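Enquirer: Structure of the sequence below:
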Amino acid sequence: MWLICPIAGVGKRLQPFTYSKPKAFLKVAGKRLIDHILITLKKTFPNGTNLLFVVGYKKKLVSEYITSQYSDYFKLVFVEQKPLGYSAETPYFSGLGDAVLLAKEYVKGDDCFIFLSDRLPMEDYSQVLLRYHQGDCDAVINIKKVEQPQFYGVTVLDETKKFLKHVIEKPKSFVSDYAVAGAYLFGKSSTPKLFELLEAQSKVVLKNGEEHTITYVIDQLVNSGIKVGINEMRSTILDFGHPETLLEGNRQLLIDLKIEDPLYEKLRATNNIVDSRIIPPVFIGENVEITNSVIGPNVSVGDGVHLHKCILSESVIGDGAQLEKIITSRSIIGDYSVLEDLIKNEITIGDSSYIASSNF
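Expert: Residues are numbered from 1 along each chain as shown. Here you go, the predicted structure:
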């Protein structure tokens, strides 16, 4: 089996954080998003599994990091998706469908499992594999009941609720509240047709803002007679595609973490936490100094951070950030940013920013 991760895109909805790194490299609860996802994959797939990344934006950063961290477990391959063009020096791409098509020569004659770099299930993917190996379908897609289906690719199921009838991308009127949940398994009997349809789609000229999606192709796949089973995820699936959902994902991961010393008493003993209160759950990285502050709940603090006279809750603080006299909640602060003298909620700033009350 081949695992395929399209990771070429810029992640516009997470700008300004993605100006300097891909969205999968944002750090929450002590790890990059891509680390959380690949650790979950290691729980499902055996050592030596083929793993193909379709890279584009910040391709060198992505390939070097993943190779250094995961080449001992996965057989890694990197394929580049070329941008369609640039907007203010930021590349834009032709979509998920064209990214998956780039895996065609590697996958032929084999099964493939496609996963997205901004979706993380709070359980492993073993149920997807079990559903496929029941032997009554050619492919499986993960689905999840959602509150706002208009923002997702949604599915229409058959009467048994075991198979897919249609999938519709971001419908304007209500069709279903079961959304595609960021994982697809195509068996070797369905991959030739999948890539045939993806190739045909890739030849369609795109208009401004359009993309070649995989949703449309899956709908065509069903219409062609391929039997697509569904696997409904019962546990939470974290969506890191927007700032607000990133904070919710951070909250869920912190709750799930089993921290031996949730109040960080050992760190206090080193005088790295002085005259401060920690309200769990909180994750504190390495070489962090906290003085005269209240941190938590639901705060992730990166490595090398300095916090002085701060009150922080429901926030993600990047590596190397320096905050002094900051009161905030529901904020995301980029790596190596400096903030001084601010009382403001929902601060969102990218890496290496400097903000004080006089210039906010």
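
Enquirer: OK, contacts around Gln15?
Expert: Gly350 (CB atoms under 8 Å, 6 or more residues apart in numbering). Glycine gets a C-beta too; all of them are placed from N, C-alpha and C.

Enquirer: Per-residue pLDDT of it, please?
Expert: Model confidence at Gln15, expressed as pLDDT, equals 78.

Enquirer: cool, and Asn359?
Expert: For Asn359, pLDDT reads 50.

Enquirer: just Glu123 next, same as before
Expert: For Glu123, pLDDT reads 78.

Enquirer: That one contacts Glu232, doesn't it?
Expert: No: with contact defined as CB atoms under 8 Å, Glu123 and Glu232 do not form a contacting pair (11.9 Å).

Enquirer: got any ranges where the stretch 201-350 of the chain has weak pLDDT?
Expert: For the stretch 201-350 of the chain, no stretch has pLDDT under 70.

Enquirer: Just the helices from it, written as ranges.
Expert: With helices called from DSSP state H, counting those that start in this stretch, the stretch 201-350 of the chain shows them at 215-223, 243-256, 265-269.

Enquirer: Save those as TSV, and put in mean neighbour count and distance to Leu51 too.
Expert: Formatted as TSV, the helices of the stretch 201-350 of the chain follow (neighbours: other CB atoms under 10 Å; distance: least, CB to CB, whole Å):
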stretch	mean neighbour count	distance to Leu51
helix 215-223	20	22
helix 243-256	19	22
helix 265-269	13	36
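
Enquirer: Between those helices, which one is closest to Asp110.
Expert: Closest to Asp110 of the helices of the stretch 201-350 of the chain is helix 215-223 (CB to CB; 17.2 Å).

Enquirer: which residues sit against that closest one?
Expert: 97, 139, 141, 153, 164-169, 180, 184, 190, 193-194, 197-198, 201, 228.

Enquirer: do that again at 10 Å, thanks
Expert: 95-97, 100-101, 138-139, 141, 152-156, 163-170, 180, 184, 186, 190, 193-201, 204, 213-214, 226-228 (CB atoms under 10 Å, 6 or more residues apart in numbering).

Enquirer: So which of the helices of the stretch 201-350 of the chain is nearest Asn287?
Expert: So among the helices of the stretch 201-350 of the chain, helix 265-269 is nearest, using CB to CB, at 10.5 Å.

Enquirer: just how off-centre is that closest one within its chain?
Expert: On the basis of CA atoms, centre = their mean, to the nearest Å, helix 265-269 is displaced by 33 Å from the centre of the chain it belongs to.

Enquirer: got the contact list for that helix?
Expert: Glu260, Asp261, Asn272, Ile273, Val274, Asp275, Ser276, Ile278, Ile284, Val288, Glu289, Ile290.

Enquirer: run the last query once more with 7 Å
Expert: Ile273, Ile284 (CB atoms under 7 Å, 6 or more residues apart in numbering).

Enquirer: domain ranges for the chain?
Expert: 2-249, 258-356 (automatic domain parsing).
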